[in-house]
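**Q** sequence first, predicted coordinates after that:
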Amino acid sequence: MYRIIEKTHFSEHVVKLLVEAPEVARARKPGHFVIVRCGEHGERIPLTIADADVKAGTITLVIQAVGDSTRKICALEAGDSLHDVVGPLGRPTAIQRHEGTVLCCGGGVGVAPLLPIIKAFKEAGNRVVSVLAARNKDLIILEKEVAAYSDEVIIMTDDGSAGRKGLVTAGAEEVILRENVSECVAIGPAIMMKFVALLTQKYNVPTICSLNTIMVDGTGMCGACRVTVGGKQRFVCVDGPEFDAHQVDFDEMMSRMRAYDSVRNTKASK
Amino acid sequence: MSEAIKNSGRDAQWRIDLRNAMPAKERASIPRVTMPQLSPDYRITCNEEVNCGLSEEMAVVEATRCLDCPQPTCVEGCPVNIAIPDFIKNIQRRDIVEAGAVLRRTSALPAVCGRVCPQERQCESRCIYNKMKKQPVAIGYLERFAADTCREIESTSGQKPAERKSNGIRVAVAGSGPAGLSFAGSMARKGFEVDVYEALHEIGGVLKYGIPEFRLPNSVVDAELDTLASLGVRFHSNTVIGKTLGYDDLLNMGFKGIFVASGAGLPRFMDIPGENLSGVMSSNEYLTRINLMGAGRPGSDTPVLHGENVAVIGGGNTAMDSVRTARRMGAKRAMIVYRRGMDEMPARAEEIEHALEEGVEFLTLCNPVRYEGDERGRVQRMYVQRMELGEPDSSGRRRPVPIEGTVDTIDVDQVIVSVGVSPNPLIPDNIPGLEVTSRGTIAVDEEHRSSIATIFAGGDIVRGGATVILAMGDGRKAAESMAAQLLENA
């Protein structure tokens, strides 16, 4: 069960896995995630389902090695198995056909969960402009795949090694100023989503984000993933993972994501 | 209660002989057995089960105390009316296998209930000895003894269970906690093909993730699961009914009936300032990390915070489990913060006793009003309002009333919120047409039937947070109802 059919390296620390999980693949919609465990003593961690192939019975996971558990998963090879995979969890993305442009902003490995959303918006008949941003060109992933479902792709890197030099917000603002943007989707590190939200709020562009909090069970049972949205408590695993980005208390979320930094080897709020 | 189960075996000659063997006065003068326990100093360094269990000699003597009443009020005190004197007298005559058989006629998980039932509020509270100002018969200890001994006998005898006849009708269970397991066992024994679906990666529900090993060892739960597997029950972990498989999927797979027993896995918080600081978590999260994921033990990848000054908010069994776990995790101060008094605390008496022995501090008549943290967002202190008891509220207990102007500050670096749980919303939210109450519970009739004919429900998903024995009773009753319905239409 949960055998790895294929493994691809996007870069040294970013890996794509095709995993056998037929029931998950069948029930999966864009926006859904799974909880996985690597090994008998593995930690339960959430990973977005980047894609699913119902006929083949596989799901695609894209993982960046940022801590002990993700490093273990990235070290697995085709033929190995994940010990546990459960899903699909969370609420699927709400896809609409808009009058104006749909602006999709992906930061680092956040582009992986963004891709199925880009695809869904395009297939619904929208004009889609995608801004992909990362620290450097090695961390820009899925550019070809994103381009296949976008009318335009803008690449931004901190060091200018690919595309233009600058932050995701620079690319996003340019699009907002020149086009009628109906909706924005921002997925990436918490700090990136926070600043895209602040930007789009200035221009009154409705924006959704996908939150990547710590989770344990993923089914609403423990509250580890709780966030404050519009002043109310929400669980990312059952109410999310997507929320109105203008309502999310990002500072509180980032603080909670650092809770276990002192007891382990992770940069939780990447 | 029907005459049949009141005290069915009482007229057998062997029972008469046992009663005649000792005058009641002598019987009543035998003191209640003391359960051997691990010492508090030792047991807070590990997760070993605190209660060691009775020896056969101790059990026989305790069983002798039972007066074998013509109208056993203890049976009335049991939520599922186990034939208590029947099993106790079998222990006395050293037929432990028969004692186990009596238990299993009514209780699906006697080794579990013997350990976790609040006997002091149920069977033992109705023992006639209470009227005589004597200690009740230790019914819970005896149930555990019978169940554990039978398990040992079964595992060493290598005996294969009797062949069961399958009627080929498939039923599905959502949730592998006490309600689901009890239902599965009943249906399997009636010949149905049972598939149990569990969201987590381990089977057992709250028995595994919630109740710590020092109270209910996983080996005890696993033995019950083995028994069910030997009856043909199939378990599927990592499957969330309502997400992985929907209601339509289950129908397409050929299931004729579905029992929803997904439990009260939704934590309640108090909604006070600072409750989202790092280091403040629900008891579900804390116990799942430690009990299910093995956090804090070598080899486990799951982290857990090891607070030095830990406050557990609440006074139920889950709060006791959490605070005693915190002591075992090395907390210097492990405190219970409870807004009413010791007498109002809903936890099992034995858990409170064990907690006190283990050095847990009880801060009663205290209610947290806010938490403060440091610049990194980690909780550092708790402000508690002092309370006094006023008039009884809807639960019948005296209502806690704040004493104005009395707020204390307590240094804490970890807070575990254990103020109750609610029904998990996954299934109620994902099965169209399923009637759900305003509390989030699945609405059922007295036969445990929901608003959808093929779906029955029981346990905490119907009751809100309750007990293992009630969940088990629901599982059994729902099995009776569903079996009757399916066989009628077959």
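**A** Okay, I see it.

**Q** and B:Pro178, what is it in contact with?
**A** By Cβ atoms under 8 Å, 6 or more residues apart in numbering or on different chains, the contact set of B:Pro178 is B:Ala108, B:Leu109, B:Val112, B:Gly205, B:Val206, B:Leu207, B:Gly459, B:Val468, B:Ala471, B:Met472, B:Gly475. In short, each C-beta sits where N, CA and C put it, glycine included.

**Q** an error on my part: the question was meant for B:Ser278.
**A** By Cβ under 8 Å, 6+ apart, the contact set of B:Ser278 is A:Ser255, A:Arg256, A:Arg258, A:Ala259, B:Gly373, B:Arg376, B:Gly377, B:Arg378, B:Val379.

**Q** what about the nearest residue to it once chain neighbours are set aside, which SS state?
**A** The shortest distance from B:Ser278 to any non-neighbouring residue, by Cβ to Cβ, 6 or more residues apart in numbering or on different chains, is to A:Ala259 (3.8 Å). Three-state assignment for A:Ala259 (DSSP: H, G, I helix; E, B strand; the rest coil): coil.

**Q** surely B:Leu389 meets B:Glu344?
**A** Yes: counting by Cβ atoms under 8 Å, B:Leu389 does reach B:Glu344; the two are 7.5 Å apart.

**Q** so what's residue 252 scoring on pLDDT?
**A** No chain specified, so I'll use chain A. Note on A:Glu252: pLDDT of 96.

**Q** chain B is the one I meant
**A** On the pLDDT scale, B:Asn252 gets 97.

**Q** need the overlap of contacts for B:Leu389 and B:Glu344.
**A** B:Arg398.

**Q** helix or strand: which one has B:Ser182?
**A** helix B:178-189 (DSSP states H and E).

**Q** what angle separates the next helix or strand after that helix from helix B:178-189?
**A** Toward the C-terminus, helix B:178-189 is succeeded by strand B:193-197 as the next helix or strand (DSSP H and E). With axes from the mean of the first three to the mean of the last three Cα atoms, to 10 degrees defining the directions, strand B:193-197 sits at 160 degrees from helix B:178-189.

**Q** next, see if strand B:193-197 gets close to chain A.
**A** No: applying Cβ under 8 Å from any Cβ of the partner chain, one finds strand B:193-197 separated from chain A by no less than 10.6 Å.

**Q** can you map out the helices along the stretch 51-200 of chain A?
**A** Here the stretch 51-200 of chain A has its helices, by DSSP state H, counting those that start in this stretch, at A:68-74, A:111-123, A:143-148, A:168-178, A:190-202.

**Q** how about a markdown table for these, with distance to chain B added?
**A** Formatted as a markdown table, the helices of the stretch 51-200 of chain A follow (distance: least, Cβ to the nearest Cβ, whole Å):
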| stretch | distance to chain B |
| --- | --- |
| helix A:68-74 | 6 |
| helix A:111-123 | 17 |
| helix A:143-148 | 26 |
| helix A:168-178 | 25 |
| helix A:190-202 | 13 |
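
**Q** contacting residues for residue 145?
**A** If you meant another chain, say so; for now it's chain A. A:Leu115.

**Q** please refer instead to chain B.
**A** B:Gly53, B:Leu54, B:Glu56, B:Ala59, B:Ile91, B:Ile96, B:Gly114.

**Q** next one: it from A:Pro30, what distance?
**A** To A:Pro30, B:Phe145 is 56 Å away according to Cβ to Cβ, to the nearest Å.

**Q** buried sites along stretch B:116-124?
**A** Within stretch B:116-124, the residues that count as buried by 16 or more other Cβ atoms under 10 Å in any protein chain shown are B:Val116, B:Cys117, B:Pro118, B:Gln119, B:Gln122, B:Cys123, B:Glu124.

**Q** same check, this time on stretch B:213-230
**A** Burial within stretch B:213-230, assessed by neighbour count using 16+ other Cβ under 10 Å, is assigned to B:213-218, B:220-221, B:223-225, B:227-228.
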